[in-house]
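> this one's structure only:
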């Protein structure tokens, strides 16, 4: 599986997991240099899994909150603890 943003492969792995329709990549397969921690919103702070969103960034290009990770997942999300999920501007195939 690949996650592509702005024509760049931002993640690639054959060990992805799908939960609730979202595909998660192991952190070591993600180009973290293209992700920047996004400030937490009030809604983020209420997430029971300790969500952290990331902006995809490359020079002047930015896609806000294009990726996320659960940093304190409850049981259902433990298989993807600290893995990275993508959406919106990031294509996963």
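Great, that's in hand. Please read these numbers as outputs of a predicted model, since none were measured by experiment.
> for the protein, just list every one of the strands.
2-5, 8-12, 17-19, 22-25, 35-37, 51-58, 61-70, 84-86, 91-92 (DSSP state E).
> which of the ones you listed sits most buried?
Comparing those by mean neighbour count (mean count of other CB atoms under 10 Å), strand 84-86 ranks first with a mean of 26. Every residue, glycine included, has its C-beta placed from N, CA and C.
> in its sheet, what does that strand sit against?
Its sheet considered, strand 84-86 pairs with strand 22-25 (antiparallel), strand 61-70 (antiparallel) by DSSP bridges.
> who wins for proximity to residue 90 among these?
strand 61-70 (5.2 Å; CB to CB).
> which outside residues touch that closest one?
Residues outside strand 61-70 that contact it (CB atoms under 8 Å, 6 or more residues apart in numbering): 5-6, 10, 27, 30, 35, 38, 47, 49-57, 77, 80-90.
> that one to strand 51-58, inter-axis angle?
Counting by axes from the mean of the first three to the mean of the last three CA atoms, to 10 degrees, strand 61-70 lies at 150 degrees to strand 51-58.
> what about strand 61-70, average pLDDT?
Per-residue pLDDT values over strand 61-70 give a mean of 97.
> next one: stretch 73-93
Mean pLDDT, stretch 73-93: 96.
> among the strands of the chain, which is nearest residue 43?
With CB to CB as the measure, strand 51-58 is the member of the strands of the chain nearest residue 43 (8.9 Å).
> need the strands paired with strand 84-86 in TSV with distance to residue 42, can you?
Below are these laid out as TSV (distance: least, CB to CB, whole Å):
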stretch	distance to residue 42
strand 22-25	22
strand 61-70	14
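> before we move on, back to that, tabulate the strands of the chain (CSV), appending distance to residue 43.
Listed next are those as CSV, based on distance: least, CB to CB, whole Å:
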stretch, distance to residue 43
strand 2-5, 23
strand 8-12, 24
strand 17-19, 20
strand 22-25, 17
strand 35-37, 16
strand 51-58, 9
strand 61-70, 11
strand 84-86, 16
strand 91-92, 23
